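K.L.:
With the sequence up front, the predicted model follows.
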Amino acid sequence: MKAVGLYKYLPVESDDSLVDLELAQPTPNGRDILVAVNAISVNPVDTKVRAPKDRIETTPRILGWDAAGEVIAVGDEVEHYVVGDRVYYAGDITRAGSNSQFQLVDERIAGQMPKSLDYAEAAALPLTGITAWEALFDRLRISKTGADAARSILIIGGAGGVGSIAIQLAKRLARLQVVATASRPESIAWVKAKGADLVINHRNPVDDELQAAGIASVDYILCLNSTAAHWAAMANTIAPQGSICSIVGTEPVDLDLLKSKSVSFSWEFMFTRSMYHTADMIEQQRLLNELAVLIDAGKLVTTVNEIIRPINAANLRKAHQLIERGNAIGKIVLTGWE
Ligand SMILES: NC(=O)c1ccc[n+]([C@@H]2O[C@H](COP(=O)([O-])OP(=O)(O)OC[C@H]3O[C@@H](n4cnc5c(N)ncnc54)[C@H](OP(=O)(O)O)[C@@H]3O)[C@@H](O)[C@H]2O)c1
């Protein structure tokens with residue numbers, strides 16, 4: 001099978017940073033399904049894993065943690081899928097990724113693809129959809145059904161992959177008052193189209209921006225960029241007894257800044273369930289299925305913004321370069337193996 005991977009961890013400008021490969025097709029066992037991958041998307045995790053370091057792999061490392069494709073074989077313990085099902089999933093950071101024609105994935109973290117989307121449109125969603133869903137509904141414990149509708153959320157980094165779906169979930173499911181950040185005319189227009197009620201600029205301290213807009217505090221903050229850089233402003237602007245969730249690792253921050261307001265802080269890491277095989281790992285299958293129903297009902301829309309054809313090393317290097325610039329709007333997807 002065709003695949004794209006790496007032996008050496010090099011700057012993306014190097015042709016050897018991602019290379020075309022021919023590998024043996026894997027066989028599914030246990031709860032694994034074997035998927036013929038038709039489309040993938042690229043996330044900052046790909047570029048972080050690929051980042052230059054002094055290590056050489058003896059067998060190629062396959063990156064990629066977002067895919068949509070068709071089930072072509074199932075392991076002997078698989079209960080939820082049969083050959084021919086169309087699935088979408090992010091996968092498991094500890095296993096070979098989706099930048100290959102065929103991939104094994106545990107059925108508990110794969111969902112039925114939205115029926116109304118093609119493979120490319122679907123591949124944009126799993127990793128960011130899981131992240132935003134878990135952050136809003138599991139970590140911040142916001143009601144999915146509107147019980148918190150009078151409350152407000154600040155989403156820092158609104159136009160990126162995660163922000164683009166988080167805004168929709170916060171607005172269209174939770175019915176919160178959504179303030180999102182974006183810094184350029186095109187990213188501002190994008191977050192407004194995704195449902196943000198107000199857009200502020202993350203190039204200025206977000207507490208100052210909120211004050212200028214007449215907002216004294218917000219009940220929730222979802223931080224999707226530069227936790228340390230936004231920390232003081234977040235501590236300043238979060239409401240007493242409010243909650244902050246970040247998805248971006250950080251240098252040390254002063255947790256004491258949250259104490260007088262009894263503010264909760266939580267991490268979201270979307271690989272936790274698959275990495276630790278948590279007892280509730282199947283929740284990711286359930287949430288992907290629920291996300292698909294919401295997409296098919298027209299309540300949410302795909303976040304794809306750019307589609308590159310075909311899937312090969314040169315095009316993946318191009319996609320990594322775009323992600324590394326740090327100003328992606330929505331998602332970059334690659335599709336087809338021709
Ligand atoms: N913990 C997890 O499970 C998890 C899951 C997914 C992603 N992540 C991490 O979360 C981060 C965001 O992921 P993503 O896929 O949304 O990334 P992305 O698509 O690359 O995000 C790009 C966006 O970041 C915005 N941005 C740039 N500088 C910013 C700043 N200083 N403050 C706020 N926003 C800024 C840009 O907006 P403008 O162009 O308008 O400036 C751009 O739209 C990445 O670090 C990623 O590795 C973690």
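P.N.:
The structure has been received and is ready for your questions. Numbers count the residues shown, from 1 in each chain.
K.L.:
where's the closest residue to the ligand within the stretch 101-250 of the chain relative to I329, distance?
P.N.:
Closest residue of the stretch 101-250 of the chain to the ligand, C-beta to the nearest ligand atom: G160 (2.4 Å). C-betas here are computed from N, CA, C, even on glycine. Note on G160: its distance to I329, by C-beta to C-beta, to the nearest Å, is 8 Å.
K.L.:
Those two: which is more packed in?
P.N.:
Using other C-beta atoms under 10 Å as the criterion, G160 and I329 rank with G160 on top: 28 against 21.
K.L.:
Would you confirm that that one contacts C223?
P.N.:
No - the pair G160 / C223 is not scored as a contact, 11.8 Å apart, by C-beta atoms under 8 Å.
K.L.:
near the ligand, which residues of this protein show up?
P.N.:
Selection of the chain residues close to the ligand by C-beta under 6 Å from any ligand atom yields 43-45, 48, 127-128, 131, 156-157, 159-163, 181-184, 187, 202, 224-226, 247-248, 268-270, 323, 326-329.
K.L.:
rerun that using 5 Å as the cut-off
P.N.:
Neighbours of the ligand within the chain, by C-beta under 5 Å from any ligand atom: 44, 131, 157, 159-162, 182-184, 187, 202, 224-226, 247-248, 269-270, 326-328.
K.L.:
who touches the nearest residue to E57 once chain neighbours are set aside in this structure?
P.N.:
In space, E57 comes closest to Y7 once its chain neighbours are excluded; the distance is 5.0 Å by C-beta to C-beta, 6 or more residues apart in numbering. By C-beta atoms under 8 Å, 6 or more residues apart in numbering, the contact list for Y7 reads D16, V19, I56, E57, P60, R61.
K.L.:
For the helix or strand hosting V191, buried residues please.
P.N.:
Taking DSSP states H and E as the criterion, V191 maps to helix 185-194. Buried residues in helix 185-194, defined by neighbour count with 16 or more other C-beta atoms under 10 Å: S187, I188, W190, V191, K192, K194.
K.L.:
Quick one: distance of it to the chain centre.
P.N.:
18 Å (C-alpha atoms, centre = their mean, to the nearest Å).
K.L.:
Kindly report the same for stretch 7-18.
P.N.:
For stretch 7-18, the distance to the chain centre is 24 Å (C-alpha atoms, centre = their mean).
K.L.:
Pull out the buried positions in it.
P.N.:
K8, Y9, L10, V12, S17, L18.
K.L.:
Number of residues surrounding the residue nearest to the last one when sequence neighbours are not counted?
P.N.:
Closest residue in space to L18, ignoring its immediate chain neighbours: A313 at 4.6 Å, by C-beta to C-beta, 6+ apart. When counting by other C-beta under 10 Å, one arrives at 19 neighbours for A313.
K.L.:
same question, the one 5 residues further on
P.N.:
Number of residues near K318 (other C-beta under 10 Å) recorded here: 16.
K.L.:
Phi first, then psi, for the residue nearest to L18.
P.N.:
phi -60, psi -40 (degrees, to the nearest 10).
K.L.:
helices and strands around the helix or strand hosting W231, which ones?
P.N.:
W231 belongs to helix 227-237 when elements are defined using DSSP H and E. Applying 3 or more C-beta pairs under 8 Å, 6 or more residues apart in numbering; DSSP states H and E, one finds that helix 227-237 makes contact with strand 152-156, helix 206-212, strand 218-223.
K.L.:
Please render these as JSON lines that adds mean neighbour count to the earlier fields.
P.N.:
Output for these, formatted as JSON lines (neighbours: other C-beta atoms under 10 Å):
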{"stretch": "strand 152-156", "mean neighbour count": "28"}
{"stretch": "helix 206-212", "mean neighbour count": "18"}
{"stretch": "strand 218-223", "mean neighbour count": "26"}
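K.L.:
now those in CSV, with mean pLDDT?
P.N.:
Listed next are the helices and strands packed on helix 227-237 as CSV, based on pLDDT from 0 to 100:
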stretch, mean pLDDT
strand 152-156, 99
helix 206-212, 98
strand 218-223, 99
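K.L.:
Turn those into a markdown table, columns for distance to A120.
P.N.:
What follows is the helices and strands packed on helix 227-237, written out as a markdown table (distance: least, C-beta to C-beta, whole Å):
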| stretch | distance to A120 |
| --- | --- |
| strand 152-156 | 25 |
| helix 206-212 | 33 |
| strand 218-223 | 26 |
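K.L.:
quick one: contacts of stretch 233-243?
P.N.:
139-141, 154, 156, 205-208, 210, 217-221, 223, 244, 254, 257-258, 261-266.
K.L.:
Let me fix that, I meant to ask about stretch 273-282.
P.N.:
The contact list for stretch 273-282, computed with C-beta under 8 Å, 6+ apart, reads G91, D92, I93, T94, D106, R108, I109, T272, E283, Q284.
K.L.:
separation between the last one and the ligand?
P.N.:
In other words, Q284. According to C-beta to the nearest ligand atom, to the nearest Å, Q284 and the ligand sit 12 Å apart.
K.L.:
Great, nothing more from me.
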